[in-house]
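Engineer: Provided below are the primary sequence and the corresponding predicted coordinates.
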Amino acid sequence: WWRQKHSLHHSFTNEERLDNDIMMEPFFYLRDPKESGRPDTMMRKFQHIYGYPLLAIMYWLWRTHSATTAWKNKDWKEGSLLGINYLWMATCLPPSVAIGHVFLGGFLVGALVSATHQSEEVMVAGDEPDFVIGQFRSTRDADTVFGPVETWLWGGMDTQLEHHLFPTMPRYNYHKMR
């Protein structure tokens, strides 16, 4: 499920109606409803408060979806790895730490995705037919100036433009391209 979702996102980065990663209304708006033509809600003016917690919850849903997809597809390798991770969380961590670490992971993923994707241009579907120009318009890199630890903390999200232009290239080569 993730490969398909992520590949679709790469093909239509920040293109409305095609990239589901940016279509989160009525909970999270990336464009003014007057601009997009979609209905507004009173919640929109508070999305700066509830946005990251909402993305942390979505991270829980991704983890759940990974487990159910592995089960449904009888992907025993993926299911076993997920099972080991969940078993470790359930037996080696106090419940508050286990739950908290998933929420923190979701918060961090939300923050990094917001910085590298959602702060860039959102395009109407078909507005930019050129793939390369579309990636430059919709994705950004982050400057990591404090060394390898900061680069590691970004988890590869600091080289999003390179990742979007060359999605199958190993991550360790992205910094060489800059």
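Structural biologist: Cool, got the structure.
Engineer: please save the CA atoms from stretch 155-162 in PDB.
Structural biologist: Included here for stretch 155-162 are C-alpha records, laid out as PDB according to Å, rounded to 0.1, in the frame of the first residue of the first chain:
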ATOM      1  CA  GLY A 155      15.900  11.000   7.900                       C
ATOM      2  CA  GLY A 156      16.600  11.800   4.300                       C
ATOM      3  CA  MET A 157      13.900  14.500   4.100                       C
ATOM      4  CA  ASP A 158      16.600  17.100   3.700                       C
ATOM      5  CA  THR A 159      17.100  15.900   0.100                       C
ATOM      6  CA  GLN A 160      13.500  15.800  -1.000                       C
ATOM      7  CA  LEU A 161      14.100  17.400  -4.400                       C
ATOM      8  CA  GLU A 162      16.700  14.800  -5.300                       C
END
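Engineer: distance from the chain centre to it, please.
Structural biologist: Relative to its chain's centre, stretch 155-162 lies at 12 Å (C-alpha atoms, centre = their mean, to the nearest Å).
Engineer: any residues touching that stretch, and which ones?
Structural biologist: 112-113, 115-117, 135-136, 139-144, 151, 163, 169, 171, 174-175, 177-178 (C-beta atoms under 8 Å, 6 or more residues apart in numbering). C-beta coordinates here come from the backbone N, C-alpha and C atoms, glycine included.
Engineer: now the strands for this structure?
Structural biologist: With DSSP state E, there are no strands along the chain.
Engineer: circling back: now the contacts of stretch 155-162: which count as buried?
Structural biologist: 112, 115-117, 135-136, 139-141, 144, 151, 163, 174 (16 or more other C-beta atoms under 10 Å).
Engineer: so what does the top helix by length along the chain touch, helix or strand wise?
Structural biologist: Assignment by DSSP state H gives helix 47-72 as the longest helix of the chain. Applying 3 or more C-beta pairs under 8 Å, 6 or more residues apart in numbering; DSSP states H and E, one finds that helix 47-72 makes contact with helix 76-92, helix 95-113.
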